[in-house]
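1. Predicted coordinates and the sequence they were generated for:
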Amino acid sequence: MKSLDVISTAIGNTFRSKLRTTLTVIAIFIGAFTLTITSGIGTGVNGYIDTTVAAIGAKDVLTVTKTANAPTTGPTKYDPNTISAGARARPGSTIEAMNSADIATIRAVSGVLSVQPILGVRPSYIEGTAGTKYSITSNGAGTGVKLQLQDGAQPSITSTGYEVALPVSYVKALGLKTDAAAIGSTVRIGITDSAQNMNVVEATVVGVATTSLGGAGDSVTTNPALTQKLYDVQSTGLAGVAKDRFAQATVTFNAAATDKEISQLKDRLAKDGFTAVTVADQIGTFKTVIDVIVLILNAFAVIALVAAGFGIVNTLLMSVQERTREIGLMKAMGMGSGKIFGLFSFEAIFIGFLGSALGAAIGIAVGSGISAALSRTVFSALPGLTLISFNAGSIAGIIAIVMAIAFVAGSLPATRAARQDPIESLRYE
Amino acid sequence: MTVPILSTHELKKSYGRGQSRFDALKGVSLEIFAGESVAIVGKSGSGKSTLMHLLALLDRPSSGSVNLNGSDAILLKGRVLNGTRNKTFGFVFQQFFLTGGATVLENVILPLKIAGVGSRERRRRGLAALEQLELVDKAKNKASALSGGQKQRAVIARALVNTPKVIFADEPTGNLDSATGAVVENILFGLNRDRGITLIVVTHDEELAARCDRRIFIRDGLIVASDASPNPPHGAHAARATATSEANAA
């Protein structure tokens, strides 16, 4: 028998006992559907994290801090040279401050292309044409940081003009009619110096940023020129050493660097007493947690599939029992055991394919529907989040896994069929 | 001297071991020549079915040999053995063994499908075989919808479709009433006479055995007697004419 005939005969046999096949397919469907949804959640959430990574920092950037000598247990000794860890750290946490000398040390490390101190700027308020003052936090736009923009452009790194990107929630409040109208308008940022005198710096709005998970949030993003200006204003009246304090610095390196080279660069920085993390390091832990959750969910789906596998064993054992005579006849007519095995195992694979293809198709439909509904309601505060999204590779993977499980399940009945003795099968006395 | 198409020498077959050992065949030697019709006659338990299984190469003897066209069939193995069985033998069983849910044509072309014949060629030869047995109009019907006589004709079409050299018929009329049984017999003997297909009939029906050229009587695993028909095969022409008309009626 030709392989094509084996396959078409097996498919034909699948539909001989429709009710039995349907019930088995339903069992597989449930497993495949669950697996599709859970892996869809993994894809969706991780995809969202990936797109928001760009808002946190570029791939060729390290965030460098001074390595703390904190004891591993017990309270930390007071160190006068500590500074608030900055906007993105745990509130209240402090790290050892860096100064210009440290920056120079970092610049000297091989592999470092440029280093830029991150200045801690604490503006008091922002004011637009409406005249109402709103309290505000600010982030300095760093090299390679990409905001998710609603409108306008990224604040220029190189420009000497004072540029700012507003979070979308501030546009209306500041008296600007639309996002587009906000571009090019002037806002006033109030900041106090060390003597608690209020100073005002004017800046031009160049962009409106979308709220995103890891990025700007509800803070304005200032370009380096503006950041420096605000820092200078804030530090007015401070002596040299007090002014020369940074929480952290941004290091850029060759964008084509391999993981190994990056880790070597980190090691060199560590030797000089600095801790360096990439964006991937920061996001990595987050993704690991999600991956583990998805893995656990997938494990449950696989348990359902294993249960469905026993359904296949049962279905095919009944088929082999029913078709004893037919198998015997085919063997008497010269059909080889291998082909008989192929006939039954392909039937199992086809049942697996039916269940998994149906499960994946309906899983995609239902998942997309739920995801769209959630984005409109529960997750409306997180634009761009598609909770459940699908990629062709993982769907194909699910179908392949289910078919593999079906094959394994089918091999027991198929072996039994292949071993059947034609004489025993055809006996009727 | 011509070589027999099938022959056995001191063929023995036993099942089980020790106390429960059962000798189904205790040394059977016979020769069957191409174009003959031979009846293997015996009661149930006599060993006649075992003999047929060994002749059809479905089973291996405990000792002795089965020779196909003069060469020892024990040498045939695996794929070659399967191919030989597929091309050389056709089977007609008492209980039909048709797949009820499949069409008559699908049932008939099963040996061709197993042989790996292409689908168009399968269809052509399947319809030709059905044509011979006047079942073409039933080709698309479900096998389960056929009458007993029609079923056995479909089985004969299936046995014929691969143009075998030997047809094994195991109680071919056992499940049929005497009228349809006679029709089926006539068809089988017609094939033997006109196409030279060797016919090996296993039966306990004396009348059916009497129509064969030769009878081999088996009892307790041994040949107890054998005889040849007094009237030569040529004498059956008149009977054949009636057979065809009866086939039409069925």
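-> Alright, I've got the coordinates. Numbering: from 1, shown residues only, chains lettered A, B, ... in the order given.
2. which other helices and strands contact the host helix or strand of residue A:361?
-> Counting by DSSP states H and E, the element that carries residue A:361 is helix A:337-376. Contacts defined by 3 or more CB pairs under 8 Å, 6 or more residues apart in numbering or on different chains; DSSP states H and E place helix A:337-376 against helix A:3-14, helix A:18-56, helix A:279-322, helix A:324-332, helix A:392-418. Where C-beta positions appear, they are placed from N, C-alpha and C, glycine not excepted.
3. Phi, psi for the closest residue to residue B:26 other than its chain neighbours please.
-> Leaving aside its sequence neighbours, residue B:26 sits nearest to residue B:221 (CB to CB, 6 or more residues apart in numbering or on different chains; 4.1 Å). Dihedral pair for residue B:221: phi 80, psi 10, per degrees, to the nearest 10.
4. hang on, the earlier thing: in TSV, list the helices and strands packed on helix A:337-376 along with mean neighbour count and mean pLDDT.
-> What follows is those, written out as TSV (neighbours: other CB atoms under 10 Å in any protein chain shown; pLDDT from 0 to 100):
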stretch	mean neighbour count	mean pLDDT
helix A:3-14	17	86
helix A:18-56	20	84
helix A:279-322	16	84
helix A:324-332	22	88
helix A:392-418	19	91
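5. Adding distance to chain B, write those out as JSON lines.
-> As requested, the helices and strands packed on helix A:337-376 are arranged in JSON lines below (distance: least, CB to the nearest CB, whole Å):
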{"stretch": "helix A:3-14", "distance to chain B": "5"}
{"stretch": "helix A:18-56", "distance to chain B": "11"}
{"stretch": "helix A:279-322", "distance to chain B": "11"}
{"stretch": "helix A:324-332", "distance to chain B": "5"}
{"stretch": "helix A:392-418", "distance to chain B": "13"}
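6. Select, out of those, the one closest to residue B:183.
-> helix A:324-332 (23.2 Å; CB to CB).
7. which residues are contacting that closest one?
-> A:320, A:337, A:340, A:417, A:420-426, B:56, B:58, B:85, B:91, B:95, B:97, B:99, B:110, B:114 (CB atoms under 8 Å, 6 or more residues apart in numbering or on different chains).
8. Just the ones of those residues in strands?
-> Among the contacts of helix A:324-332, the ones falling in strands (DSSP state E) are residue B:91.
9. Of the contacts of helix A:324-332, select the buried ones using a ChimeraX command.
-> Selection of buried members from those for ChimeraX, criterion 16 or more other CB atoms under 10 Å in any protein chain shown:
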select /A:320,340,417,420,422,423,425,426 /B:56,58,85,91,97,99,110,114
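10. Out of the contacts of helix A:324-332, list just those in helices.
-> Assigned to helices by DSSP state H, the following of the contacts of helix A:324-332 qualify: A:320, A:337, A:340, A:417, A:422, A:423, A:424, A:425, A:426, B:85, B:110, B:114.
11. Next up, the contacts around the first one.
-> Taking CB under 8 Å, 6+ apart as the contact definition, residue A:320 lies against A:327, A:344, A:413, A:414, A:416, A:417, A:420.
12. cool, and the fourth one?
-> When contacts are counted by CB under 8 Å, 6+ apart, residue A:417 is found next to A:320, A:323, A:327, A:340, A:341, A:343, A:344.
13. Next, give me the two most distant ones among these.
-> So, the contacts of residue A:417 by CB to CB: farthest apart are A:323 and A:341, at 13.8 Å.
14. Could you pick out the residues of chain B near chain A for me?
-> Counting by CB under 8 Å from any CB of the partner chain, the positions of chain B adjacent to chain A are B:44, B:49, B:53, B:56, B:58-59, B:78-79, B:81-87, B:91, B:93-95, B:97, B:99, B:101, B:110-111, B:113-116, B:119.
15. Surely residue B:175 touches residue B:94?
-> Yes: the criterion here is CB atoms under 8 Å, and residue B:175 meets it with residue B:94 at 5.5 Å.
16. okay, these two: which has more neighbours?
-> Set side by side, residue B:175 and residue B:94 show more neighbours around residue B:94, with 19 against 16, by other CB atoms under 10 Å in any protein chain shown.
17. Assess the claim that the more buried one and residue B:176 are in contact.
-> No: using CB under 8 Å, residue B:94 is not in contact with residue B:176, being 9.1 Å away.
18. Now chain B against chain A: closest residue?
-> Going by CB to the nearest CB, chain A is nearest to residue B:86 of chain B, at 3.0 Å.
19. check contacts around that residue.
-> Counting by CB under 8 Å, 6+ apart, residue B:86 has contacts A:333, A:334, A:335, B:111, B:114, B:115, B:162.
20. And the closest residue to it other than its chain neighbours, how close does it get to residue B:84?
-> Take residue B:86 and drop its neighbours on the chain: the residue closest to it by CB to CB, 6+ apart is residue A:334, 3.0 Å away. Residue A:334 is 8 Å from residue B:84, where distance means CB to CB, to the nearest Å.
21. Just want to know which of these two has more residues nearby.
-> Ranked by neighbour count (other CB under 10 Å), residue A:334 and residue B:84 place residue A:334 first, with 23 against 16.
22. Just the pLDDT at the more buried one, thanks.
-> pLDDT, residue A:334: 87.
23. quick check, it in a strand?
-> No: Residue A:334 sits outside any strand when classified using DSSP: H, G, I helix; E, B strand; the rest coil, being coil.
24. how distant is stretch B:159-176 from the center of its chain?
-> Stretch B:159-176 has its C-alpha centroid displaced from the chain centroid by 4 Å (CA atoms, centre = their mean, to the nearest Å).
25. residues of it that come out buried?
-> B:159-162, B:164-176.
26. what about that stretch, how long is it end to end?
-> 18 Å (CA to CA, to the nearest Å).
27. didn't residue A:154 look like it was pressed against residue A:163?
-> No: with contact defined as CB under 8 Å, residue A:154 does not count as touching residue A:163 (9.1 Å).
28. Which residue does chain A have closest to chain B?
-> Here chain A gets closest to chain B at one residue, residue A:334, 3.0 Å apart by CB to the nearest CB.
29. Thought residue B:85 was touching that residue, still the case?
-> Yes: with contact defined as CB under 8 Å, residue A:334 counts as touching residue B:85 (4.3 Å).
30. Can you pick out the ones from the buried residues of stretch B:159-176 that are in strands?
-> Checking these against DSSP E, those in strands are B:166, B:167, B:168, B:169, B:170.
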